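In: build me a structure from this.
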Amino acid sequence: MNEPQRVEILLVEDNPNDIRLTLHAFKRQNIINQIHVVRDGAEALDFLFGTGDYAGRQLEHGPRVILLDLKLPLVDGLEVLRRIKHDPRTRSIPVVVLTSSAEERDVVSSYELGVNSYIVKPVDFEQFTEVARSLGMYWLLLNYSPQS
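Out: As a prediction, this is how the structure comes out:
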């Protein structure tokens with residue numbers, strides 16, 4: 001029996017242009033890991049906790065890193081982060097906030113809730129590509145985290 005492929009990156013993003021840009025930047029940097037995209041906070045929580053459309057998903061095949069936008073429909077990014085970091089099944093998954101918000105209150109709230117990194121999305125494609133390369137290198141190759 002084949003093991004389901006582990007999702008390496010969970011991208012939580014509602015903006016179709018930012019999704020395309022992120023996936024293109026990863027591809028351009030040869031980050032070809034299994035990437036799963038969800039488009040709102042409720043879908044992110046369903047994916048992570050095996051509920052809703054993801055009922056029955058094996059939770060031990062969770063992502064190695066979560067890239068989380070803050071401004072999301074249905075459930076905002078800070079609430080998603082709160083639930084991830086308060087549940088023993090998901091709290092050790094690294095979460096990187098990747099957002100357009102540079103507001104100090106968002107930065108502070110994210111770190112208070114346990115975010116591992118906070119990155120403001122660059123507007124320039126080349127800078128964004130460099131951010132994607134750095135994210136992939138660090139979180140998927142250099143960072144050592146507990147096995148699920």
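
In: hey, let's count contacts and neighbours off CA atoms from now on
Out: Will do.

In: pLDDT wise, what is residue 3 at?
Out: Listed pLDDT for residue 3 reads 46.

In: next one: residue 104
Out: At residue 104, pLDDT is 96.

In: identify the bridge partners of residue 118.
Out: residue 97 (DSSP bridges).

In: what are the phi and psi angles of residue 106?
Out: Backbone torsions of residue 106, given as degrees, to the nearest 10, read phi -70, psi -40.

In: now for it, how many residues are close by?
Out: 17 (other CA atoms under 10 Å).

In: now do residue 112
Out: Residue 112 has 10 nearby residues by other CA under 10 Å.

In: so where do the helices sit in the protein?
Out: With helices called from DSSP state H, the chain shows them at 16-28, 41-49, 77-86, 104-112, 125-135.

In: any idea how far residue 85 lies from residue 92?
Out: Here residue 85 is placed at a distance of 8 Å from residue 92 (CA to CA, to the nearest Å).

In: shared neighbours, the two?
Out: Here residue 85 and residue 92 have no joint contacts, going by CA atoms under 8 Å, 6 or more residues apart in numbering.

In: leaving out sequence neighbours, find the closest residue to residue 85.
Out: With sequence-adjacent residues excluded and distances taken as CA to CA, 6 or more residues apart in numbering, residue 85 is closest to residue 91, at 4.2 Å.
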